[in-house]
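>>> Next comes the sequence, and after it the predicted model I'd like to discuss.
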Amino acid sequence: MKEHARTVEVFGGRVALLGAGREAPLALAVAEALLRRMHAALTRFDPRSELCRLNDDARLTVPASVLVRRLAAAVPYAGALSGGLVDATVEPAFAPERTAPAGDPRPATPDPQRRWAQVSVDAAAVSRPPGVALDSGGLGKGLAADLVAGRLRGLPSYAIECMGDVRAAGAERTLRIASPWSDEVLAELPLTDGAAATSGVTRRGWHLIDPSTGRPARTGIVQATALAPTALEAEVRAKAALLSGPAAARDHLPHGGLLVLDDGELVSV
């Protein structure tokens, strides 16, 4: 069955949408509108966004929209699922910087302050510690893919590719895992109903931060791909696997995945 396609530029990149069936054009238009609402609410790069205004608000509890509350709820979820390795909070400006020797290859260790565990959501507001901001980064991508999947669920098949996070259903697809150093395809993974996410440190080394040091992560793994039922879970598990290092990465990939080590070795999980 032919699939319709649509591309949306949001979150500093491109989101590709695919959907099959007679209702696909309308469903994809609705999905695009949702992505644009999410971008307007959750972008970190526009001080007018709701997330930026929440982060700048001195109150401990701030009224928030459904989208911002969904992101905030993902923060403690990610921290708990990863054993504290994935922390989507941003340190207060007055907090002492944690340091480690440059190029330190040791796996990350959880932040003992556990700021992520102090973020909470109720029916109307978000609460967090004084001065602590929320980072929409990777969690926002996974959340976006999952929320869009909810809009496309009635189609015979669909797929969402959100800058490394994929959510799909209804048709068997092939995920091509590119090398962290080039566009060479290293492996292919089948995906029918579920999600996948890839995290790496080579092309945008500033993107993934070791929570124990505040520095770009260097753990012996340069790229991790995780499979999971949802894109948000896949996003968290991929980052946790990468941050935990080769010895513990498998523990974070219960649904399977692929690791690329520093020396180029591929490890299938």
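In hand now; what should we look at?
>>> residues of the helix or strand harbouring Ala144 that come out buried?
Secondary structure from DSSP states H and E places Ala144 in helix 137-152. By 16 or more other C-beta atoms under 10 Å, the buried positions in helix 137-152 come out as 137-149, 151-152. C-beta here means a position set from N, CA and C on the backbone, and glycine is covered the same way.
>>> Then stretch 180-194?
Across stretch 180-194, burial judged by 16+ other C-beta under 10 Å covers Pro180, Leu186, Leu189, Leu191, Gly194.
>>> close enough to count as contact, the second one and Ser179?
In other words, Leu186. Yes: shown here, Leu186 and Ser179 form a contact pair, counting by C-beta atoms under 8 Å, at 5.2 Å.
>>> what is in contact with those two at once?
Both Leu186 and Ser179 are contacted by Val260, under the criterion C-beta atoms under 8 Å, 6 or more residues apart in numbering.
>>> the helices in this structure, which residues?
Counting by DSSP state H, the chain has helices at residues 24-42, 50-56, 66-81, 137-152, 231-244.
>>> what's next to the first one, contact-wise?
If I follow you right, that is helix 24-42. Contacts of helix 24-42 (C-beta under 8 Å, 6+ apart): 3-6, 8, 10-11, 15, 17, 19, 46, 49-51, 65, 67-68, 71, 136, 140, 143-144, 147-148, 151-152, 154-155, 158, 160.
>>> where does the stretch 101-250 of the chain dip in pLDDT?
101-113, 203-217 (pLDDT under 70).
>>> picking that back up, give me the buried subset of the contacts of helix 24-42.
3-4, 6, 8, 10-11, 15, 17, 19, 49-51, 65, 67-68, 71, 136, 140, 143-144, 147-148, 151-152, 155, 158, 160.
>>> okay, how far is it across stretch 149-161, tip to tip?
Terminal residues of stretch 149-161 are spaced 11 Å apart (C-alpha to C-alpha, to the nearest Å).
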